[in-house]
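[1] Give me the fold of what follows.
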Amino acid sequence: MSETDLETPEPELAFECILDAPPEKVWRAISQSELRERWLPGSDLKDPRPSSIVPGREISFTMRERQPPFLESTVTFQIEPDDGGNTLFRITHKLIEMPKSLQTSDAANENGLALMQAA
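    Alright, predicted model coming up:
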């Protein structure tokens, strides 16, 4: 087992569904700010401009919580057509960086042999 096998993946949420709408319509809803504002207000974003964009396929925004610890995350919307003229819609929400103060530490009984000998 390599050291990279032991790394903890970054926290991520993913959601996927089929929307009963053509990809062009879904793209407008996620890429035009006046339409996006209806369901994802700019006040929830660190910057209302996309952090990355692949026209007609994928768009990402950086979000920032309004309250401490002000965590930042990236939300990415991906679309692709399905065979029936609908849209496969995928949302991935990924934490950018977990502050050390919120990272879990080893359990108190992780001292192994030293703790067992003390007992």
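
[2] Could I get the average pLDDT for the lengthiest helix in the chain?
    In the chain, assigned by DSSP state H, the helix with the most residues is helix 23-31. Mean pLDDT, helix 23-31: 97.

[3] for stretch 76-86, same thing?
    Per-region confidence: stretch 76-86 scores 96 on mean pLDDT.

[4] what about it, start to end distance?
    19 Å (CA to CA, to the nearest Å).

[5] now swap in stretch 43-56 and tell me
    End-to-end distance of stretch 43-56: 24 Å, with CA to CA as the criterion.

[6] C-alpha coordinates for the longest helix of the chain, CSV please?
    Extracted in CSV, the C-alpha atoms of helix 23-31 (Å, rounded to 0.1, in the frame of the first residue of the first chain):
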residue,chain,number,x,y,z
PRO,A,23,-29.4,21.0,-23.0
GLU,A,24,-29.6,24.5,-24.5
LYS,A,25,-32.3,25.5,-22.1
VAL,A,26,-30.5,24.1,-19.1
TRP,A,27,-27.3,25.8,-20.2
ARG,A,28,-29.1,29.2,-20.3
ALA,A,29,-30.4,28.6,-16.7
ILE,A,30,-27.0,27.9,-15.3
SER,A,31,-24.9,30.3,-17.3
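
[7] residue ranges for the strands of the protein, please.
    12-19, 52-54, 58-64, 72-81, 87-95 (DSSP state E).

[8] what packs against the shortest one?
    What it means is strand 52-54. Judged by 3 or more CB pairs under 8 Å, 6 or more residues apart in numbering; DSSP states H and E, the packing partners of strand 52-54 are strand 58-64. For the C-beta atoms, the positions are set from N, CA and C on the backbone; glycine is no exception.
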